[in-house]
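J.: Show me the folded form of this:
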Amino acid sequence: MKKIELLAPAGNMKMFDSALNNGADAIYLAGKLYGARAYAENFSNEEIITAIKKAHLYGVKVYVTINTLLYEKEVLEFLEFVKFLYENNVDAVLMQDLGMINLVHALYPNLVIHASTQFHNHNKEQLQYLKEMGVKRAVLARELSLEEIKSLDVDIEKEVFVYGALCISYSGCCLASSCLLNRSGNRGECAGICRLPYKLIVDEQEIKTDGNYLLSPKELNTLENLREIIDSQIDSLKIEGRMKSSEYVGYVTHLFRRLIDAYYNQEEMNITKEELINLKKLYNRDFTLGHLFAEKNYKLLNIKTPNHQGYPLGTAYPSHNKIKIVLTDDIAQNDGIRFSNGEGMIINYLYDENNLLINSASKGNIIYVDNKVNLKESGVVLKTLDTKLNEKINDIPKRTVPVNILVYAKIGQPLKAIISDGNYEIAEEIGMVEKSINSPVLKKEIIARFSRLNETIFSLKDITIEADDNIFIPVKFMNELRRNLVAKLTEKRLLNNYEAIIKTYQPKIKEVTKTKSLNFYVQTEEQLKYLLNKKVNIYVNDLALYQKYHYPNVFYVIDRTAFHLKDFNNENIVSSDLSSIYKYQNNNKLFSDIYLNVTNSYTLEVLHNLGVEKVSLSIENSFEDNKNIIKEYYERNNTLPNTDVLVFGKVELMVLKHCFLNMFLNDKKTCSVCKEKKKYYFKNQKNNLFPLLNRNCHTYVLNYQNIDLIEKIKDYQELGINNFTINLLDETEEEIAKILLKINMC
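T.: Down below sits the predicted model:
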């Protein structure tokens, strides 16, 4: 029976060792570049080599994340890193960039590629295309339910997140950090915009909510529902946490290992109350079962605080110099605590009721700490760091590989031994076994010599001795034979997983018609009607509206979160994600949307070859980036691509599988609030208003300000870019006319 894989995170070598020793089947990590956690410590090339070798000794796999979008100027350096990983026997690479997946698979056809969750793997068509590209595994979107996952009957490995931090936006669809702080989440630089406070505004009225962190999700925790997940035939269980502590990684890995083993041993799979408390102490923002178990909006979010909640320690009563705490849990020096005012501290000095320094105290007692945080009001105090728990987690034995040893000691024959780890078997022999004259070697002495494995990665599971009586074997023979067996088995476990195959990339490009167009996304029928005779393409995301105005210049924009894609034939399609491009590549007029993350010429090639007639370049690209894309594409293919850029409008910062209007305005009941003719916004601390659009019970958060690059149109035309897109929101006919006039003047 193929067992489900337990995949643990590592942000540094300490975390790697913690994951390894607590039973991970595979560990994912990143180098110093191209990983989606750029602010983790991450691994040098030398550390990656060490990690891969160490993991392989224990039969553990290493996956390296190179799951950021790549710019043209980075491609050569990126390929050098891929070559380095390939030559050092990495088990798989995780990737997001479409062009790089295609290129890497062409160059290294037997390198295992996993499509990162940043690739937005959310439906059957997406998985089918990935399989055809040569991708072995898809890390599924965290927005999918278990029931939806079960229906994805594509023969590709499926990996799901089962524990840790959640993104509020569909992965790969969040531009908030990039647009607001120039830190791209698609480049591993997420600034956590969703963890900031916001207010909900309806028209001009602020709606009262129980908290201000309206976009902050709880932590995913599926431990108590693990049996159902394993039953669903998922291939890999992924723990999030490269930015967490080594203790967090070790303990969470340990619990999942215990429950997975219990499942296959047909034992009870229970989490104790103490274990759940320990998880809360290590890190939590409250727990949720997430979209995996179709949790409701209010069960997914913790709008009161975005921080680690810890576990209740007691009640705090402040005075000028000290804080009195009545304990409901144990406390020790160097523990971390947080008070009701949001301030936290490490306990450097702990006092009893007589103002004497102590090292620890148990629940039910009263202790005092220095008031270093200027606490003024009484309230609950939380334990956010438990030093004794961390010491216990770190006090675990080193992982070993159990082996069986069989020793043959027959007079007149060489001393022979066989060592087996269940996968490999090594047989060696040495010298000659002689008849003893004075001091025969006893079986217990042979067992003792061959059991000396403490300085190796192996531990003795079973040893069998088949020996004649009254034999003599020199001690050095037994020691040397044991060392030879261990060395050869170790070497065997380090053998490469694949034969190196390196090919060259030979682009084959479909010639596309070069167009010159203006393209308008519209939100209303009035906008559409006004533009119908203006010699522009009109993009509409309302299928009924598209069907009503079935003109040659009207295009239907496919929802990029659609799980079920409708059948279309001979229609005008704007595709917002790869799955719909794959679905509609034949028998339709097909353009790609601005949200498809096209950041290099290799992705352009893939999309043109899939039948995309006009490709929109990523809004995260600078002018120089777009210049490099066009230049490299032309030099490689001796033809210009047919490309488009957004020159005006508000960008969708996030796409959320949540309905905030239902959650905050209709008391979580079934509703049609979004049908009301009102304007909805999130307002941040700078009083910027972010428009909210609702479609199909999803929320689209738009930027508070317009992109305006209309004056750059002539510069883009000089590059060979002749198609330009305008995003409309609530612009009137007069405002649209001004936009058209400004474009014509350019």
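J.: residue closest to the middle of this structure?
T.: residue 117 (5.7 Å; CA atoms, centre = their mean).
J.: quick one, what contacts it?
T.: 139, 140, 141, 142, 161, 171, 172 (CB atoms under 8 Å, 6 or more residues apart in numbering). C-beta coordinates here come from the backbone N, C-alpha and C atoms, glycine included.
J.: Among the residues you listed, which lie within strands?
T.: Here DSSP state E is the test, and these give 139, 161 as lying in strands.
J.: Could you find the two of the contacts of residue 117 that are most distant from each other?
T.: 161 and 172 (14.1 Å; CB to CB).
J.: Identify the residue spatially nearest to residue 504, adjacent ones excluded.
T.: Of all residues not flanking residue 504 in the chain, residue 107 sits nearest, at 7.3 Å (CB to CB, 6 or more residues apart in numbering).
J.: contacting residues around that neighbour?
T.: Applying CB under 8 Å, 6+ apart, the residues near residue 107 are 79, 82, 502, 503, 504, 505.
J.: Is the closest residue to the last one other than its chain neighbours in a helix, a strand, or coil?
T.: Nearest residue to residue 505 in three dimensions, chain neighbours excluded: residue 106, at 4.8 Å (CB to CB, 6+ apart). Per DSSP: H, G, I helix; E, B strand; the rest coil, the secondary structure class of residue 106 is helix.
J.: Start the count at 294 instead of 1 going forward.
T.: Okay, using 294 as the starting number, the last item reads as residue 399.
J.: Against residue 372, how distant is residue 399?
T.: 11 Å (CB to CB, to the nearest Å).
J.: so which strand or helix has the residue nearest to residue 381 when sequence neighbours are not counted?
T.: In this structure, residue 381 finds its nearest non-sequential neighbour in residue 342, 5.3 Å apart by CB to CB, 6+ apart. If you go by DSSP states H and E, residue 342 is part of helix 338-350.
J.: Tell me the strands beside the next helix-or-strand element following that helix, with direction?
T.: Using DSSP H and E, the helix or strand that follows helix 338-350 in sequence is strand 354-359. Here strand 354-359 is paired, per DSSP bridges, with strand 319-322 (parallel), strand 385-388 (parallel).
J.: Can you give the distance of strand 354-359 from its chain's centre?
T.: Chain-centre distance of strand 354-359: 12 Å, with CA atoms, centre = their mean, to the nearest Å.
J.: what residues does whichever helix or strand comes after that strand touch?
T.: Sequence-wise, the next helix or strand downstream of strand 354-359 (DSSP H and E) is helix 368-380. If you take CB under 8 Å, 6+ apart as the criterion, helix 368-380 is touched by 324, 326-327, 338, 341, 357, 359, 363, 386, 393, 396-397, 400-401, 404, 793, 795, 893, 895.
J.: Centre of the chain to helix 368-380, how far?
T.: For helix 368-380, the distance to the chain centre is 21 Å (CA atoms, centre = their mean).
J.: for it, what is the average pLDDT?
T.: Mean per-residue pLDDT for helix 368-380: 95.
J.: Would you mark the buried spots in that helix?
T.: In terms of neighbour count (16 or more other CB atoms under 10 Å), helix 368-380 has its buried residues at 368, 371, 372, 374, 375, 378, 379.
J.: Residue 801: what's it in contact with?
T.: Residue 801 neighbours (CB under 8 Å, 6+ apart): residue 902.
J.: can I assume it sits in a helix?
T.: No. Going by three-state DSSP, the assignment for residue 801 is coil, not a helix.
J.: Next, it: phi, psi?
T.: Note on residue 801: backbone dihedrals following degrees, to the nearest 10 are phi -120, psi 110.
J.: can you check residue 994 too?
T.: phi -100, psi 120.
J.: Tally up the residues packed near the nearest residue to residue 765 once chain neighbours are set aside, please.
T.: Sequence neighbours aside, residue 729 is the residue nearest to residue 765 in space, at 4.0 Å (criterion: CB to CB, 6+ apart). Per other CB atoms under 10 Å, the neighbour tally for residue 729 reads 15.
J.: swap in the one 3 residues further on?
T.: Applying other CB under 10 Å, we find 8 other residues in the vicinity of residue 732.
J.: quick one: it from residue 723, how far?
T.: Per CB to CB, residue 732 is found 20 Å from residue 723.
J.: so where do the helices sit in the stretch 494-643 of the chain?
T.: 519-524, 539-557, 566-575, 590-593 (DSSP state H, counting those that start in this stretch).
J.: could you say what helices and strands the second one packs with?
T.: This points to helix 539-557. strand 298-302, helix 306-314, strand 450-457, helix 519-524, strand 529-532, helix 566-575, helix 680-687 (3 or more CB pairs under 8 Å, 6 or more residues apart in numbering; DSSP states H and E).
J.: okay, the helix or strand harbouring residue 920 in PDB with CA atoms only?
T.: Here residue 920 sits within helix 916-930, counting by DSSP H and E. Provided in PDB are the C-alpha atoms of helix 916-930 (Å, rounded to 0.1, in the frame of the first residue of the first chain):
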ATOM      1  CA  PHE A 916       8.500  49.400 -18.600                       C
ATOM      2  CA  GLU A 917      12.000  48.000 -18.700                       C
ATOM      3  CA  ASP A 918      10.800  44.500 -17.900                       C
ATOM      4  CA  ASN A 919       8.400  44.600 -20.900                       C
ATOM      5  CA  LYS A 920      11.100  46.000 -23.100                       C
ATOM      6  CA  ASN A 921      13.300  43.000 -22.200                       C
ATOM      7  CA  ILE A 922      10.500  40.500 -22.800                       C
ATOM      8  CA  ILE A 923       9.800  41.900 -26.300                       C
ATOM      9  CA  LYS A 924      13.500  42.100 -27.200                       C
ATOM     10  CA  GLU A 925      14.300  38.500 -26.100                       C
ATOM     11  CA  TYR A 926      11.200  37.100 -27.800                       C
ATOM     12  CA  TYR A 927      12.100  38.700 -31.100                       C
ATOM     13  CA  GLU A 928      15.800  37.600 -30.900                       C
ATOM     14  CA  ARG A 929      14.800  34.000 -30.200                       C
ATOM     15  CA  ASN A 930      11.900  33.800 -32.700                       C
END
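J.: name the helices or strands packed onto that helix?
T.: For helix 916-930, the elements it packs on are helix 894-902, strand 936-942, helix 1006-1012, judged by 3+ CB pairs under 8 Å, 6+ apart.
J.: To residue 772, which of the ones you listed lies closest?
T.: helix 894-902 (56.4 Å).
J.: Who are the packing partners of that closest one?
T.: helix 391-400, strand 908-909, helix 916-930.
J.: show me where pLDDT drops low in the stretch 344-493 of the chain?
T.: Within the stretch 344-493 of the chain, no range satisfies pLDDT under 70.
J.: right, and the helix or strand after the helix or strand of the chain with the lowest mean pLDDT?
T.: One helix or strand of the chain scores below all others by mean pLDDT, DSSP states H and E: helix 953-958, with a mean of 83. Downstream of helix 953-958, the first helix or strand assigned by DSSP H and E is strand 973-976.
J.: Give me the sheet partners of that next one and which way each runs.
T.: strand 492-495 (antiparallel), strand 982-988 (antiparallel).
J.: so what's residue 962 scoring on pLDDT?
T.: pLDDT, read off for residue 962, is 65.
J.: same question but for residue 299, I mixed them up
T.: Residue 299 is assigned 98 on the pLDDT scale.
J.: what bridges to it?
T.: Beta-bridge partners, per DSSP bridges, of residue 299: residue 530.
J.: distance of it from residue 550?
T.: For residue 299, the distance to residue 550 - CB to CB - is 6 Å.
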